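# can't give you the sequence, but here's the structure:
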DNA sequence: ATATTAGGTTCTATTTTAGAACTCATTATC
DNA sequence: GATAATGAGTTCTAAAATAGAACCTAATAT
């Protein structure tokens, strides 16, 4: 299977990997959220090769996550800014940063934090259900194949499941 | 910069990319959450080469996200199961799946969904603050460098920011 | 005796990535 | 006026990762 094929996969997570499933793309987005907008800014802060950076910026622009706009003429220069679609990636960054701090600890402190815009306090991200407010994690949610109302059916079968079940409870 | 260096970066997001920043690792985890446990199960469902799959499973085990345990002897066979650390990745999957469905739409429906274990209803994931319950997104949070109480300081400066600010507000 | 299943390993060929050097237009400095 | 610096790339070669297929081993099934 090729890289490119992921972009058209029916699975949203596969498409997400087609979009940000490489070493640099997500880190470029991180820099965008930190306010970096220019080619050399990304390059110096990330240490990515100029070649790859140019390619990744093009791809992010093609995906509609960044827009390239002139910030001066003579010589013409462009900067890269998050689009609405790019900004919508923030919750993923929050969830991932929180996970990494828990599960991939480091002795050095994180070089940045997320704070609320109104109080300035550091946030403590948790994924919840929009309607019930319930916290969502492996104890409260289950991933089920979407075949024919599978959710309810599988759920109904859960109390009497066989020992080698594959419902993802473990 | 090399692949390996990311694993020791001070930035949690960089370490996360060292861990799952390739095409396959996150999809292998997805299969784990769907209940797949065996080598050939992963291989057939993902279409990943056996070579890479073996390497990725080893890496996930080394990271402590999967554990390899025998499920039969003669011939000895092992299966891979999510550890507590692996299970803690669920919220990232939720956030990422939600983002991808919004921002990388497909005409085909997703092959799986997340449902709550108690009601079986499909969930609607949203990242919130554990303490205030506030929804966290680009409008409500700001990413700030962690230098010397930067959060409060930067926040205090926000009302009078210059036009070409780099605080990540756009 | 032969085929199948399960879980890999080994091989070559292709694709990606790293790293450095080069380009081009403009502005700043000696 | 010549030289250097800035900013945003592009072009090269070498190294690394990935794809794809074939092979291996141990046991069971036909």
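Arrived safely, thanks for sending. Predicted, not measured: the structure shown is a model, and the values here were computed from it. Numbers count the residues shown, from 1 in each chain, chains lettered A, B, ... in the order given.
# Those residues of chain A touching DNA strand C, which are they?
Taking C-beta under 7 Å from any atom of the strand, the part of chain A that reaches DNA strand C is made up of A:2-4, A:22-24, A:47-52, A:55, A:74-75. For glycine as for every other residue, the C-beta is placed from the backbone atoms N, C-alpha and C.
# wait, what's in contact with the spatially most central residue of chain A?
With distances taken as C-alpha atoms, centre = their mean, residue A:92 lies nearest the centre of chain A, 3.9 Å away. Applying C-beta atoms under 8 Å, 6 or more residues apart in numbering or on different chains to residue A:92 gives the contacts B:92, B:95-96, B:99.
# Tell me where chain A has helices.
Here chain A has its helices, by DSSP state H, at A:12-20, A:25-33, A:39-46, A:50-62, A:84-87, A:90-103, A:150-157.
# Could you break chain A into its assigned domains?
A:3-87, A:89-163 (automatic domain parsing).
# Adding mean pLDDT and distance to residue B:16, write the ones you listed out as CSV.
CSV is the format used below for the domains of chain A (pLDDT from 0 to 100; distance: least, C-beta to C-beta, whole Å):
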stretch, mean pLDDT, distance to residue B:16
domain A:3-87, 95, 8
domain A:89-163, 86, 4
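# Out of those domains, flag the one nearest residue B:143.
Each of the domains of chain A has some distance to residue B:143 by C-beta to C-beta; the shortest is domain A:3-87, at 4.5 Å.
# Is chain B within reach of that closest one?
Yes - residues of domain A:3-87 are located near chain B by C-beta under 8 Å from any C-beta of the partner chain, namely A:3, A:6-19, A:21-24, A:26-27, A:30, A:32-37, A:46-48, A:63-65, A:81-82, A:85, A:87.
# Weed out the non-buried ones from the residues you listed.
With burial judged by 16 or more other C-beta atoms under 10 Å in any protein chain shown, the buried subset of the residues of domain A:3-87 next to chain B is A:6-7, A:9, A:11-19, A:21-24, A:26-27, A:30, A:32-37, A:46, A:48, A:63, A:65, A:82, A:85, A:87.
# Show me what from chain A comes close to DNA strand D.
With C-beta under 7 Å from any atom of the strand as the criterion, chain A comes near DNA strand D at residues A:1-3, A:38-41, A:49-51, A:54, A:57, A:68, A:71, A:75, A:77-79.
# before we move on, back to that, which among the domains of chain A is found nearest to residue B:106?
When these are ranked by distance to residue B:106, counting by C-beta to C-beta, first place goes to domain A:3-87 at 6.0 Å.
# hang on, the earlier thing: what's the distance between the residue nearest to the centre of chain A and DNA strand D?
Here residue A:92 is placed at a distance of 21 Å from DNA strand D (C-beta to the nearest atom of the strand, to the nearest Å).
# Likewise for residue A:60?
Distance, residue A:60 to DNA strand D, using C-beta to the nearest atom of the strand: 12 Å.
# what does residue A:143 give?
23 Å.
# That residue is in contact with residue B:114, isn't it?
Yes - in this structure, residue A:143 is within contact of residue B:114 by C-beta atoms under 8 Å, at 5.6 Å.
# So stretch A:105-112, near chain B or not?
Yes - counting by C-beta under 8 Å from any C-beta, chain B is contacted by stretch A:105-112 at A:106, A:108-112.
# In strands only, show me these.
residue A:112 (DSSP state E).
# now the residues of stretch A:105-112 next to chain B: which count as buried?
A:106, A:110, A:112.
# What does the first one show for phi and psi?
I take that to be residue A:106. Backbone torsions of residue A:106, given as degrees, to the nearest 10, read phi -140, psi 150.
# wait, what's in contact with it?
B:8-10, B:12, B:15.
# now the second one
With contact set as C-beta under 8 Å, 6+ apart, residue A:110 has these partners: A:97, A:101, B:10-12, B:146.
# From these, pick the one nearest DNA strand C.
Using C-beta to the nearest atom of the strand, residue B:11 comes nearest to DNA strand C of the contacts of residue A:110, at 15.5 Å.
# Give me the neighbour count for residue A:122.
15 (other C-beta atoms under 10 Å in any protein chain shown).
# pretty sure it is touching residue A:115, no?
Yes - assessed by C-beta under 8 Å, residue A:122 is found in contact with residue A:115 at 5.4 Å.
# Include distance to residue B:128 when you put the helices of chain A into JSON lines, please.
Output for those, formatted as JSON lines (distance: least, C-beta to C-beta, whole Å):
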{"stretch": "helix A:12-20", "distance to residue B:128": "21"}
{"stretch": "helix A:25-33", "distance to residue B:128": "18"}
{"stretch": "helix A:39-46", "distance to residue B:128": "30"}
{"stretch": "helix A:50-62", "distance to residue B:128": "27"}
{"stretch": "helix A:84-87", "distance to residue B:128": "17"}
{"stretch": "helix A:90-103", "distance to residue B:128": "9"}
{"stretch": "helix A:150-157", "distance to residue B:128": "23"}
